[in-house]
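K.L.:
I'll drop the sequence and a predicted model, then ask my questions.
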Amino acid sequence: MRRRLWPPLFALADLLVGGALLTVAWALGEGVAALLPWAPLPGSLWGMLLAFVALEAGWLPEARIRRAASTLVRLLGLLFVPVGVGVVAYGELVARHATAIGVAIVAGSIVTLLASAAIAAAVDAATPGVRRDAPGS
């Protein structure tokens, strides 16, 4: 009995430590957003950027946040339930403004695709020594 108890406790500890580290990254991101109100990024994205830099620099070991990140990704669909409930609850309002919502979605998608293409072209032009048409590149 005693042997079976320890592995789940260690898994729970990993989950809690990883969640705490992700929460610290989020909180630091919120602090950066408060210090830079003119910057166009919300605190959650600043937090992701800080976590990415910390992971790449080796300051934050990937193994410490892997379980928490995997759990969040597995539960991501559940996080969209409130949005779905809101759409159902305000279905009449959504239906009334369906054309404007549709135009905004299509226009936003087109702008995103054009911006992505422009950035890809700029990166391609900035790296002239790299062949993009070769197999495996």
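P.N.:
All right, it came through fine.
K.L.:
alpha carbons of the helix or strand containing L78, in PDB - could you do that?
P.N.:
Element membership of L78 [criterion: DSSP states H and E] is helix 76-79. Taking Å, rounded to 0.1, in the frame of the first residue of the first chain, the C-alpha atoms of helix 76-79 are listed here in PDB:
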ATOM      1  CA  LEU A  76      -8.000  23.400 -23.300                       C
ATOM      2  CA  GLY A  77     -11.300  22.300 -24.800                       C
ATOM      3  CA  LEU A  78     -13.000  22.600 -21.400                       C
ATOM      4  CA  LEU A  79     -11.800  26.200 -21.100                       C
END
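K.L.:
any idea how far that helix is from the chain center?
P.N.:
In terms of C-alpha atoms, centre = their mean, to the nearest Å, the gap separating the centre of helix 76-79 from the centre of its chain is 13 Å.
K.L.:
and stretch 97-114, by the same measure?
P.N.:
21 Å.
K.L.:
what of stretch 89-97?
P.N.:
In terms of C-alpha atoms, centre = their mean, the centre of stretch 89-97 is found 28 Å from the chain centre.
K.L.:
residues making contact with that stretch?
P.N.:
With C-beta atoms under 8 Å, 6 or more residues apart in numbering as the contact definition, stretch 89-97 has outside contacts at V87, I101. Where C-beta positions appear, they are placed from N, C-alpha and C, glycine not excepted.
K.L.:
still on that earlier bit, and the helix holding L78, what's buried?
P.N.:
Residues of helix 76-79 classed as buried by neighbour count (16 or more other C-beta atoms under 10 Å): none.
K.L.:
next secondary structure after that helix?
P.N.:
With DSSP H and E, the next secondary element past helix 76-79 is helix 81-89.
K.L.:
now that following helix: buried residues?
P.N.:
Buried residues in helix 81-89 (16+ other C-beta under 10 Å): none.
K.L.:
where in this structure is pLDDT low?
P.N.:
Across the chain, the ranges flagged by pLDDT under 70 are 1-7, 130-137.
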